[in-house]
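Novice: what follows is a predicted structure for the sequence shown.
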2 protein chains.
Amino acid sequence: MTPKVARYLRDVAPATPCLVLDVDRVEENYRRLIAAMPLARVYYAVKANPAAPILERLVGLGSSFDAASLEEVQACLAAGARAEAISFGNTVKKESAIRAAHAAGVRMYAFDSEPELRKLARSAPGARVYCRILVGNDGAEWPLSRKFGCEIEMAKELMVQAGELGLDPYGISFHVGSQQTKTAAYEAAIGRVAMLFTDLQEAGINLRMVNLGGGYPVRYRAEVPEIDDFGAAIMGAMAEHFGNALPEIVIEPGRFLVGDAGVVSAEVVLVSRKAKDDPVRWVYLDIGRFGGLAETEGEAIKYAFRTPHDGEADGPVTIAGPTCDSTDTLYERSNYRLPLSLESGDRVELLATGAYVTSYASQSFNGFRPLAEHYV
Amino acid sequence: MTPKVARYLRDVAPATPCLVLDVDRVEENYRRLIAAMPLARVYYAVKANPAAPILERLVGLGSSFDAASLEEVQACLAAGARAEAISFGNTVKKESAIRAAHAAGVRMYAFDSEPELRKLARSAPGARVYCRILVGNDGAEWPLSRKFGCEIEMAKELMVQAGELGLDPYGISFHVGSQQTKTAAYEAAIGRVAMLFTDLQEAGINLRMVNLGGGYPVRYRAEVPEIDDFGAAIMGAMAEHFGNALPEIVIEPGRFLVGDAGVVSAEVVLVSRKAKDDPVRWVYLDIGRFGGLAETEGEAIKYAFRTPHDGEADGPVTIAGPTCDSTDTLYERSNYRLPLSLESGDRVELLATGAYVTSYASQSFNGFRPLAEHYV
């Protein structure tokens, strides 16, 4: 928690649940990232937190933006981003959204299939396109399955076809999974991309860009490698596979830029036991999986907690949200412990919750409104 | 799909994604339910769909309401419900919410722990309280884990304590899990409740109410027992265990009343393959798990689909939502098949989606707005 967030929570004590986020920390994270990867161009993954104060700060710092939808394109433009600094990075787009983004001046688009390529040729003629390939997600705490990306053989054919359709076959992207804790995942993927560059060069297609996606981790309960370790591993792999003919390097950090800038402040609604001699207490908060903490699904992302009783004797707990849905349980198997003196009405903080929280919140499940947001 | 919904979709063709719900069907379901269980009092589980047209229709029919939050209490009052017809059924409530509900005239409250009981004694003095006990959820497609309810021994002590604290120890509730397809789950739970009634009578506490919760199923892809089967099994078990001294019987249907009254209309955004010879196509819709279809988590609830090409040759598909989150995948292992001619831009309908959809929708994940709602 940054001193500014701590001060705001102490002085203002905003109603819970809410997110308090220090925009200066976002700037610090941006500067750390470009220091670690000076040759990379940063496209902020807007979906991590699309709040205007964050977008505006990043515009001022010269960042580019990775948008998942037309609405996110528009949010970037409204924050002052130039259209040329926006990549429409979702491989699944309505054709009407492509048309509108193209009309707004967006020139770079992701795809991973022939039908999408044909939509782009029709509705964004001449645009720079990059194909997303499937790569391993080992080491990611929020892995990405096979939903996005195609096999490398198909990517090769599609890039040839992109040129034939009047598009600019610009580059290749991949994603090693979110909250990726292993640098090896990037190194292996870069090797695959380099081979594809060579294959396509033989087919007369000169690719100019590698998009490394995001995934750079944030510290929750466990230590993670430093961003410098990722930078060194990635630049090492790029140099090994591309030599001096380095392509443009794009990275799409989301969590890394905003995650540790924010804190969710919540209230304990109830602490109870299922039987008198049950050693495990249930701690119910006024925010849960449907109030924004969606990444606790499967206990994937394990947030750290602060309570007013830290340092006192503690015991095992199951932590749950406030709704009548019992899937709205955050942690049951992750060995969380909280102070024995914790009780209804206590305020608790969930650290490093600046990413993938606010926009996930359900509009009104069980009647609860989405969490408030304070940017300081 | 009811004729009225079909007509609205055909004539109005509302923008997707949206829910179209036939309020007359809600009324028919209500009448079928009270015919199947004439001795039971219906408390509609507002969380299933809190839309005003539904609440207003049910007020007109004489229904009571099960509210999960102060906001749901207020929605019922705004729809014309009497405060005495509202049960505050969440066992986890902020004390400020209890105080406000009590001030508004709500007189019946659930609990399952001593700290909650003490809140009720302080902030809703004299209220009717019922204790939720843990029961088996075998047979439920959306089971409820141990989040709500306590062990029966503790329930006994708490009900004695309720009287000592000046509350009215009114009854016992349980929940056999949502989309419960086995009548035996209710029968077993009723037996346990009856024993608790007897034990408490010996302790001088005369309970007067059994709350059977909800869980009554809706037909999705698979056949489910008729509501008459549930009615017969439940009334049989009540008669067996309570004889002529039947307590008041409360039921809390949600899904059963509104599920099959609604249809989600969606658009196919992309149909693609991960490799040229991959037999499985990926079908991406403009609504997914974060757009309202939250109950597809773990592929628990399996909605049936209608497409413009039904009856033509089909093939295996994975069905996914529109966001960049790969957990936003609806069905990958449930053997869905869709027509081979399905393509981007086609409209599809998801049947029986009137429950647990609209209020779950994220406020803006990936920039997508919540689905529109049309009550006809």
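Specialist: On my side now, so go ahead.
Novice: mind checking which helix or strand of chain A has the lowest mean pLDDT?
Specialist: None of the helices or strands of chain A scores lower by mean pLDDT, DSSP states H and E than strand A:140-142, at a mean of 77.
Novice: return the list of strands paired to that strand, each annotated with direction.
Specialist: Within its sheet, strand A:140-142 is paired with strand A:178-180 (antiparallel), according to DSSP bridges.
Novice: pLDDT of the strand it pairs with, averaged?
Specialist: The average pLDDT for strand A:178-180 rounds to 87.
Novice: give the buried residues for that strand.
Specialist: A:178, A:179, A:180 (16 or more other Cβ atoms under 10 Å in any protein chain shown). Where you see a C-beta, it was placed from the backbone N, CA and C, and this is true even at glycine.
Novice: do stretch A:328-335 as well
Specialist: Residues of stretch A:328-335 classed as buried by neighbour count (16+ other Cβ under 10 Å): A:328, A:329, A:330, A:331, A:332.
Novice: filter those residues down to just the ones in strands.
Specialist: Among those, the members falling in strands (DSSP state E) are A:329, A:330, A:331.
Novice: for residue A:192, give me its contacts.
Specialist: Residues in contact with residue A:192 (Cβ atoms under 8 Å, 6 or more residues apart in numbering or on different chains) are A:133, A:135, A:152, A:174.
Novice: put together TSV for the residues you listed, with secondary structure and distance to chain B on each row.
Specialist: Below are those laid out as TSV (DSSP: H, G, I helix; E, B strand; the rest coil; distance: Cβ to the nearest Cβ, whole Å):
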residue	secondary structure	distance to chain B
A:133	strand	10
A:135	coil	12
A:152	helix	9
A:174	coil	13
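Novice: quick one, which of the residues you listed are buried?
Specialist: Neighbour counting by 16+ other Cβ under 10 Å classes A:133, A:135, A:152, A:174 among these as buried.
Novice: how about these, which pair is most distant?
Specialist: Maximum pairwise distance in the buried ones among the contacts of residue A:192, criterion Cβ to Cβ, is 9.9 Å, between A:152 and A:174.
Novice: okay, and the common contacts of these two?
Specialist: The contact sets of residue A:152 and residue A:174 overlap at A:133, A:134, A:192 (Cβ under 8 Å, 6+ apart).
Novice: let's have the residues you listed in TSV, adding pLDDT.
Specialist: Formatted as TSV, the shared contacts of residue A:152 and residue A:174 follow (pLDDT from 0 to 100):
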residue	pLDDT
A:133	96
A:134	93
A:192	95
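Novice: ok, so of those residues, who is nearest residue B:220?
Specialist: Residue B:220 lies nearest to residue A:134 out of the shared contacts of residue A:152 and residue A:174, by Cβ to Cβ, at 31.4 Å.
Novice: ok, the closest one - contacts?
Specialist: With contacts defined as Cβ under 8 Å, 6+ apart, the neighbours of residue A:134 are A:146, A:149, A:150, A:151, A:152, A:174, B:274.
Novice: at 6 Å instead, please
Specialist: Contact partners of residue A:134, counting by Cβ atoms under 6 Å, 6 or more residues apart in numbering or on different chains, are residue A:149.
Novice: how near is it to residue B:333?
Specialist: As for residue A:134, its distance to residue B:333 is 19 Å (criterion: Cβ to Cβ, to the nearest Å).
Novice: same question for residue A:147.
Specialist: 14 Å.
Novice: check which residues of stretch A:308-316 are buried.
Specialist: Neighbour-count burial for stretch A:308-316, counted by 16+ other Cβ under 10 Å, picks out A:309, A:314.
Novice: what are the contacting residues of it?
Specialist: If you take Cβ under 6 Å, 6+ apart as the criterion, stretch A:308-316 is touched by A:280, A:337, A:338, A:339, A:340, A:341, A:342, A:346.
Novice: ChimeraX command to pick out the buried ones of those residues?
Specialist: Filtering the contacts of stretch A:308-316 down to the buried ones (16+ other Cβ under 10 Å) takes a single ChimeraX command:
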select /A:338,339,342,346
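Novice: can you give me phi and psi for residue A:169?
Specialist: According to degrees, to the nearest 10, the main-chain angles of residue A:169 amount to phi -70, psi 100.
Novice: what's the closest of the contacts of stretch A:308-316 to residue A:16?
Specialist: Using Cβ to Cβ, those come closest to residue A:16 at residue A:346, 10.5 Å.
Novice: got the contact list for the closest one?
Specialist: By Cβ under 6 Å, 6+ apart, residue A:346 lies in contact with A:268, A:308.
Novice: got the residues of chain A near chain B?
Specialist: Applying Cβ under 6 Å from any Cβ of the partner chain, one finds that chain A approaches chain B through A:47, A:68-69, A:71-72, A:90, A:92, A:94, A:113, A:115-116, A:144-145, A:147, A:150-151, A:154, A:269-270, A:272, A:274-276, A:284, A:320, A:324, A:326, A:329, A:344, A:359-368, A:370.
Novice: related to what we said a few turns ago, where is pLDDT lowest across the contacts of residue A:192?
Specialist: Out of the contacts of residue A:192, that is residue A:135, at 89.
Novice: mind checking how far that residue is from residue A:10?
Specialist: Taking Cβ to Cβ, one finds residue A:135 at 45 Å from residue A:10.
Novice: and which of the contacts of residue A:192 is nearest residue A:239?
Specialist: Within those, the smallest distance to residue A:239 is 18.2 Å, found for residue A:174 (Cβ to Cβ).
Novice: can you verify my assumption that that closest one contacts residue A:133?
Specialist: Yes: Residue A:174 lies in contact with residue A:133 (Cβ atoms under 6 Å); the separation is 5.3 Å.
Novice: what strands flank the lengthiest strand in chain A, and is each parallel or antiparallel?
Specialist: Ranked by residue count, the top strand of chain A under DSSP E comes out as strand A:262-272. Using DSSP bridges, the strands paired with strand A:262-272 are strand A:18-21 (antiparallel), strand A:281-285 (antiparallel), strand A:347-350 (antiparallel).
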